[in-house]
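> Just a sequence and a predicted model for now, questions to come.
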Amino acid sequence: LNRFPVFLSDDVVARLLRYDDLIPRLEAVLGKFSLRDSAAVVQPVRSVMPVVDHNGFLGLMPAYVAYEGILCAKVVAFYSREEGSSLPSTQATVLLFDPEFGNVAAVMDGLDITHKRTAAVSAISAKLLSPAQSDVLCILGSGHQALSHYEVFMQLFSFKEVRVWSRRMEMAKQFAASVQGSVTVCSSVKETVDGADVIVTVTNSSEPVLFGEWVKPGAHVAAVGACRPNWRELDDVLMRDAVIYVDSREAAAVESGDIILSGAKVFAEIGEVLNGTSPALREKTTVFKSLGMGIQDAICAKLVFDKWKSNQ
Ligand SMILES: NC(=O)C1=CN([C@@H]2O[C@H](COP(=O)(O)OP(=O)(O)OC[C@H]3O[C@@H](n4cnc5c(N)ncnc54)[C@H](O)[C@@H]3O)[C@@H](O)[C@H]2O)C=CC1
Ligand SMILES: O=C([O-])C1=[NH+]CCC1
C-alpha cells in the first residue's frame with residue numbers, strides 16, 4: 001500500500017493533459033453516466049457550501065468510474081473576485097484514490113483539469129448540437145474558461161470568424177491579443193452574437209447577459225457560468241425558446257438558476273445524445289447548460305496519472 005501520494009503541480013498536469021486524449025474518454029463516460037448504470041459510474045450531485053464571509057463557495061465532487069477503475073474527488077473553490085484580480089476565481093485540487101484500498105495515489109492541482117475538461121465538454125456539445133454550417137463563434141467573457149474554450153474550439157472546428165465580448169472592453173482586447181488567431185473584439189453582447197452560430201457564455205455574472213431576442217434561430221449556446229440556483233447568464237426568452245440539454249439532470253434541478261428560475265424543461269442530457277437514447281436537435285436553437293461533473297475530473301486525473309507514471 002503506497003501511503004505517500006505523489007503531488008502533480010499545475011504545470012505538470014497542463015503538460016500531460018491533451019484534448020485529443022480527453023475528448024473520446026469524456027464522450028464515453030458521459031454516455032455511460034446517462035444510462036444510470038451504477039455498476040459502471042457513480043456520481044452524486046456535488047455538495048456546495050457557502051463561504052459567506054468571503055463571497056465564495058467550496059464544492060466537493062466525488063466520482064467512481066468503476067468501468068475504468070477510477071475513484072476520485074475534486075475539491076473546488078469558486079469566489080466572486082474583483083475584475084482584473086490576479087487570483088483565479090476558481091481553484092481546485094483533485095485527489096485520485098486507489099479504488100481497491102482507498103488510499104490516495106495522487107494529489108493534483110485541479111486548475112488545468114477544470115479549464116480543459118469544461119471546455120472539452122462544451123466542444124462535445126457543439127459537435128452534436130451546433131448548426132451543420134457554423135461560421136461564427138462568440139465567446140462572452142474573457143477569463144480562464146474563455147481561453148480554454150477558444151483553444152479547444154480552434155482545435156476542433158473551422159470557424160470563419162471568432163468574436164469576444166467582456167464587461168470591460170480592455171479585458172476582451174487583452175484576450176484577443178493573447179491568442180494566436182484573429183479575434184474580433186465587440187463592445188456589446190448584442191453586436192457580438194448577431195448572426196452567430198455558436199455562443200459560449202463563460203462569465204461570473206449572476207444576472208442574464210445573453211438575451212434570446214438577440215440569438216439567431218438554430219444557434220447553439222454552451223452556457224458554462226451561473227452554477228448557483230439564484231444565478232443567471234441566460235434570460236427567460238432564450239431558456240423558453242431553446243431546446244435545453246444539460247450535463248446532469250439532477251444537478252441542473254438543484255444548481256442551475258437558468259433552469260430553475262425560468263421554469264424551462266430539460267430535454268436531454270448530453271450523455272443521452274452520446275449513448276443514442278435522445279436525439280440531437282441541431283436544426284433548433286439549443287442550449288447546453290453545463291455545471292461540471294466529478295466524472296469529468298476523474299477521467300482527466302486518471303489520464304494525467306497514467307501518463308506521468310509512464311514517463312517515470
Ligand atoms: N460548467 C462548468 O463545468 C464550470 C463552470 N465554471 C464557471 O465558468 C465561469 C467562468 O470561469 P473562469 O473563466 O474560470 O472565471 P474568470 O474569473 O477567469 O473569468 C470570468 C469572466 O467573467 C466576467 N464577468 C465577471 N462578472 C461579470 C458580470 N457581472 N457580467 C459579465 N461578465 C462578468 C469577467 O470579466 C471575466 O471575463 C464562472 O462562472 C465559473 O463558475 C468554472 C468551472 C467549471
Ligand atoms: O465543475 C466545476 O469544477 C465547477 N463548476 C462551477 C464552478 C466550478
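Everything's here; your move. Predicted model, so just to flag it, every value in this text is computed and none were measured. Ligands and ions are numbered 1, 2, ... in the order given.

> Every contact and neighbour count from this point should use C-alpha atoms.
Noted.

> Please name every helix or strand in contact with the helix or strand hosting residue 148.
When secondary structure is defined using DSSP states H and E, the element that contains residue 148 is helix 144-156. Other helices and strands packing on helix 144-156, by 3 or more Cα pairs under 8 Å, 6 or more residues apart in numbering; DSSP states H and E, are helix 111-129, strand 136-140.

> Between those, which one is closest to ligand 2.
Each of the helices and strands packed on helix 144-156 has some distance to ligand 2 by Cα to the nearest ligand atom; the shortest is helix 111-129, at 5.5 Å.

> between the closest one and helix 144-156, how big is the angle?
Between helix 111-129 and helix 144-156, the angle formed by their directions is 50 degrees, by axes from the mean of the first three to the mean of the last three Cα atoms, to 10 degrees.

> what's the average pLDDT for helix 111-129?
For helix 111-129, mean pLDDT rounds to 98.

> How about stretch 33-51?
Stretch 33-51 comes out at a mean pLDDT of 96.

> buried ones in it?
Burial within stretch 33-51, assessed by neighbour count using 16 or more other Cα atoms under 10 Å, is assigned to 33-34, 40-43, 45-46, 48.

> Distance from the chain centre to that stretch, please.
Taking Cα atoms, centre = their mean, to the nearest Å, the mean C-alpha location of stretch 33-51 is offset from the chain mean by 16 Å.

> Can you list the neighbours in contact with that stretch?
29, 32, 56-67, 248, 250-251, 269, 271-272, 275, 293-295 (Cα atoms under 8 Å, 6 or more residues apart in numbering).

> Make a PyMOL selection of the buried ones in the residues you listed.
Applying 16+ other Cα under 10 Å to those leaves a buried subset, and the PyMOL line that selects it is:
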select buried, resi 29+32+56+57+58+59+60+61+62+63+64+65+248+251+269+271+272+275+293+294+295
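
> Let's see which of the contacts of stretch 33-51 end up in strands.
56-65, 269 (DSSP state E).

> before we move on, back to that, export the helix holding residue 148 as PDB, just CAs?
In PDB, the C-alpha atoms belonging to helix 144-156 read as follows (Å, rounded to 0.1, in the frame of the first residue of the first chain):
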ATOM      1  CA  HIS A 144      -9.600  31.300 -17.900                       C
ATOM      2  CA  GLN A 145     -12.600  29.400 -19.300                       C
ATOM      3  CA  ALA A 146     -12.700  31.800 -22.300                       C
ATOM      4  CA  LEU A 147      -9.200  30.800 -23.100                       C
ATOM      5  CA  SER A 148      -9.600  27.000 -22.800                       C
ATOM      6  CA  HIS A 149     -12.800  27.200 -24.800                       C
ATOM      7  CA  TYR A 150     -11.000  29.200 -27.500                       C
ATOM      8  CA  GLU A 151      -8.200  26.700 -27.700                       C
ATOM      9  CA  VAL A 152     -10.300  23.600 -28.000                       C
ATOM     10  CA  PHE A 153     -12.800  25.200 -30.400                       C
ATOM     11  CA  MET A 154      -9.900  26.300 -32.600                       C
ATOM     12  CA  GLN A 155      -8.500  22.700 -32.500                       C
ATOM     13  CA  LEU A 156     -11.800  21.000 -33.400                       C
END
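
> Going C-terminal from it, what's the next secondary structure element?
Next in sequence after helix 144-156, counting helices and strands by DSSP H and E, comes strand 161-165.

> Do that next one and ligand 1 come into contact?
No. Using Cα under 6 Å from any ligand atom, strand 161-165 stays clear of ligand 1, coming no nearer than 8.3 Å.

> Please point out which parts of stretch 13-24 sit buried.
Of the residues in stretch 13-24, those buried under the neighbour-count criterion (16+ other Cα under 10 Å) are 13-14, 16-19, 22-23.

> circling back to that earlier point, farthest-apart pair in the ones in strands among the contacts of stretch 33-51, please.
When Cα to Cα is used, the two most widely separated members of the ones in strands among the contacts of stretch 33-51 are 56 and 65, lying 28.8 Å apart.

> Spatially nearest residue to the residue in the stretch 151-300 of the chain that ligand 2 sits nearest to, not counting backbone neighbours?
Distances from the stretch 151-300 of the chain to ligand 2, computed as Cα to the nearest ligand atom, single out residue 292 as the nearest residue at 3.3 Å. Leaving aside its sequence neighbours, residue 292 sits nearest to residue 118 (Cα to Cα, 6 or more residues apart in numbering; 6.6 Å).
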